[in-house]
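[1] This is the structure alone, sequence omitted:
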Ligand code: SF4
């Protein structure tokens, strides 16, 4: 009789003990990512988590897959290299609002445009947490920080609107305290061929406790659709649900720009070409070089 025991257990996916502050939302994201890897039974030897710098950047240390904790804002070029060289790998990127939307914003633009196959998770706590309370690109206007103690001057960047505007093929939003919704979102993002962008409302009780209010659910809607993500009725039973067809880009923009936050699948376009597939297609058409003649090529 064949054993039905899963090959990979949740325990197998645990690595070092996390070193985040108590009640940090990154714990919820970590548990959600591990749960998804377990439910999907992804082989840790063919999975890689890549990060930049920030509290979010520690994520690869705590998941027992391959991992790469890179430099600030540069997770995307590393991930692109891996996606090109090793299409057999499942590539996940964990980034933060500072990492992805400030120093790494140029890479985010080109990652979205190249639409290479990966899941990009933006953990948005609306602050620089690791360096202790500076204004980030998503800090709300008027919020006092160490760099702008009188209150943050500018309107924050809206990450969902931003990536919709530069042509993302998959855009979803969820929250660290909505575990079922988080895992469903990850599952749909993983299914998508291309650059799957997930915005995560992530709590930072240490430096930005008012950024996301997990105790109430009247400030957000769930976007629901038969081909999208369901509402999280366990964790947010009284949140409103709004039907939204994720192929409708105009409506996706409308929800992204609305003062009321929305969680769910904003947009998905399965027809956008993927850079990694295009490149492999071109490479496969080029006749293989004879290594013995490589030197001749240099000597011409
Ligand atoms: Fe989490 Fe904020 Fe602490 Fe960083 S500073 S570990 S984001 S609570």
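    Everything's here; your move. Quick caveat, the model's predicted, so the values are computed rather than measured.
[2] so how far is the ligand from the most centrally placed residue in the chain?
    In the chain, the C-alpha nearest the mean C-alpha coordinate belongs to residue 121, at 1.1 Å (CA atoms, centre = their mean). Per CB to the nearest ligand atom, to the nearest Å, residue 121 is found 14 Å from the ligand. For the C-beta atoms, the positions are set from N, CA and C on the backbone; glycine is no exception.
[3] Give the next helix or strand downstream of the helix or strand encompassing that residue.
    Per DSSP states H and E, residue 121 falls inside strand 118-124. As assigned by DSSP H and E, the chain's next helix or strand after strand 118-124 is helix 159-165.
[4] related to what we said a few turns ago, and the strand holding residue 121, what other elements does it pack with?
    Secondary-structure packing of strand 118-124 (3 or more CB pairs under 8 Å, 6 or more residues apart in numbering; DSSP states H and E): helix 25-40, helix 75-85, strand 90-96, helix 97-98, helix 105-114, helix 179-191, strand 195-201.
[5] sorry, back to before: show me what the residue nearest to the centre of the chain is bridged to.
    Under DSSP bridges, the beta-bridge partners of residue 121 are residue 94, residue 198.
[6] okay, now residue 73: neighbour count?
    23 (other CB atoms under 10 Å).
[7] and it, what does it touch?
    52-53, 99-100, 102-105, 107 (CB atoms under 8 Å, 6 or more residues apart in numbering).
[8] Turn the helices and strands packed on strand 118-124 into a markdown table, columns for mean pLDDT, mean neighbour count and distance to the ligand.
    Putting the helices and strands packed on strand 118-124 into a markdown table (pLDDT from 0 to 100; neighbours: other CB atoms under 10 Å; distance: least, CB to the nearest ligand atom, whole Å) gives the following:
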| stretch | mean pLDDT | mean neighbour count | distance to the ligand |
| --- | --- | --- | --- |
| helix 25-40 | 98 | 20 | 5 |
| helix 75-85 | 96 | 21 | 17 |
| strand 90-96 | 98 | 28 | 8 |
| helix 97-98 | 98 | 28 | 10 |
| helix 105-114 | 98 | 19 | 20 |
| helix 179-191 | 98 | 21 | 16 |
| strand 195-201 | 98 | 27 | 12 |
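[9] May I see the ones you listed arranged in a markdown table, with distance to residue 275 as well?
    Below are the helices and strands packed on strand 118-124 laid out as a markdown table (distance: least, CB to CB, whole Å):
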| stretch | distance to residue 275 |
| --- | --- |
| helix 25-40 | 24 |
| helix 75-85 | 8 |
| strand 90-96 | 13 |
| helix 97-98 | 25 |
| helix 105-114 | 4 |
| helix 179-191 | 18 |
| strand 195-201 | 9 |
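[10] Which one, of those, ends up nearest to residue 156?
    helix 97-98 (8.7 Å; CB to CB).
[11] Can you tell me the closest non-neighbouring residue to residue 185?
    residue 174 (4.3 Å; CB to CB, 6 or more residues apart in numbering).
[12] Phi first, then psi, for the one you found.
    Here is the backbone geometry of residue 174 (degrees, to the nearest 10): phi -150, psi -170.
[13] What residues are recorded as beta-bridge partners of it?
    residue 200.
[14] and it, what does it touch?
    181-182, 185, 198-201, 229, 263-264.
[15] per-residue confidence at it?
    Predicted confidence (pLDDT) for residue 174: 98.
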